[in-house]
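Sharing a sequence plus its predicted fold:
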Amino acid sequence: AISALAAAVFLACLVGGAFYAIASRPVFVAQLTEIKNCRWDPADADILVGTLLADGQRLNLVEGRALITFVSGAQMIMAGPTSLRLDSSTAADLQRGRITTNVPTQAIGFTVTTSVATFIDLGTEFTLQLGAKDACELQVFDGLVELHLPAPSGGVEPQRLRISEGSAVRLNAQSGSVSAIPYDPTQRLSL
């Protein structure tokens, strides 16, 4: 009976350990597919072309440009200085800097969150620049982007706006204002 109990405990530990090992493995959501004159924050110095990027991973590009290809098919170009966190194969959190995203049909719904608003890509290409003072600019080159702004004071639902192709807006978190700015196709990032 004791040997049977010991075998059962051993088997339970073995199975539990296997589940833990599987659950604790990183989930890769993207890959660094191209770079140009990149200098990364020292903590990210080992990131090279071909590196698989995990969910929750932070990227701090000091200068240069980098192309990230998500498992969903979405692509994002970062221009230094830019800091962002990869949340999943369909989402990223931009803390500062400038990005251009290109979202094919199969990745519609790709989401970029910022301190100012949430940007949901509805099959498009856009550039987003987040400044240090909680203001950002959005240039929509193709398709449609849906903005989710924080709910007005006392409100429960976030404000939603749709910005279409050939349009640009500036969002100010302090005042809560959204204003049209001149559309500038030269703001599109490339490598």
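Good, I have the coordinates. Computed from a predicted structure; not experimentally measured. Residues are numbered from 1 along each chain as shown.

contacting residues around the residue positioned nearest the centre of the chain?
Closest to where the C-alpha atoms of the chain average out (C-alpha atoms, centre = their mean) is residue 92, at 1.7 Å. Listed by C-beta atoms under 8 Å, 6 or more residues apart in numbering, the contact partners of residue 92 are 76, 84, 85, 86, 99, 111, 112, 113. C-beta here means a position set from N, CA and C on the backbone, and glycine is covered the same way.

one more time with 7 Å
76, 84, 85, 86, 112 (C-beta atoms under 7 Å, 6 or more residues apart in numbering).

Report whether the first one is found in a strand, as I expect.
Yes. Using DSSP: H, G, I helix; E, B strand; the rest coil, the secondary structure at residue 76 is a strand.

Relative to residue 78, how far out is the closest residue to residue 166 other than its chain neighbours?
Nearest residue to residue 166, sequence neighbours excluded (C-beta to C-beta, 6 or more residues apart in numbering): residue 183, at 5.6 Å. Counting by C-beta to C-beta, to the nearest Å, the gap from residue 183 to residue 78 is 22 Å.

ok, back up a step: just the buried ones from the contacts of residue 92?
Neighbour-count burial (16 or more other C-beta atoms under 10 Å) applied to the contacts of residue 92 gives 76, 84, 85, 86, 112.

which one of those residues is nearest residue 29?
residue 86 (5.5 Å; C-beta to C-beta).

doesn't residue 53 make contact with the closest one?
Yes. In this structure, residue 86 is within contact of residue 53 by C-beta atoms under 7 Å, at 5.5 Å.

and residue 34, what is it in contact with?
Residue 34 touches 49, 67, 191, counting by C-beta under 7 Å, 6+ apart.

do residue 80 as well
39, 61, 62, 63, 64.

Also residue 138?
When contacts are counted by C-beta under 7 Å, 6+ apart, residue 138 is found next to 119, 126, 128, 145, 163, 168, 169.

Could you pull up the mean pLDDT of whichever strand or helix holds residue 160?
Using DSSP states H and E, residue 160 sits in strand 159-164. Strand 159-164 shows a mean pLDDT of 91.

Quick check: end-to-end length of stretch 89-108?
Taking C-alpha to C-alpha, to the nearest Å, stretch 89-108 runs 12 Å from one end to the other.

With only the CA atoms kept, save stretch 38-51 in CSV.
What follows is stretch 38-51, C-alpha atoms only, in CSV (Å, rounded to 0.1, in the frame of the first residue of the first chain):
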residue,chain,number,x,y,z
CYS,A,38,19.0,50.1,-34.7
ARG,A,39,20.3,50.9,-31.2
TRP,A,40,18.3,49.2,-28.5
ASP,A,41,18.1,50.0,-24.8
PRO,A,42,20.9,48.0,-23.1
ALA,A,43,18.3,45.6,-21.6
ASP,A,44,17.2,44.7,-25.2
ALA,A,45,20.8,44.5,-26.7
ASP,A,46,20.5,40.9,-27.6
ILE,A,47,17.5,41.4,-30.0
LEU,A,48,18.5,40.6,-33.5
VAL,A,49,16.6,40.0,-36.8
GLY,A,50,14.8,36.7,-36.5
THR,A,51,14.3,37.0,-32.7
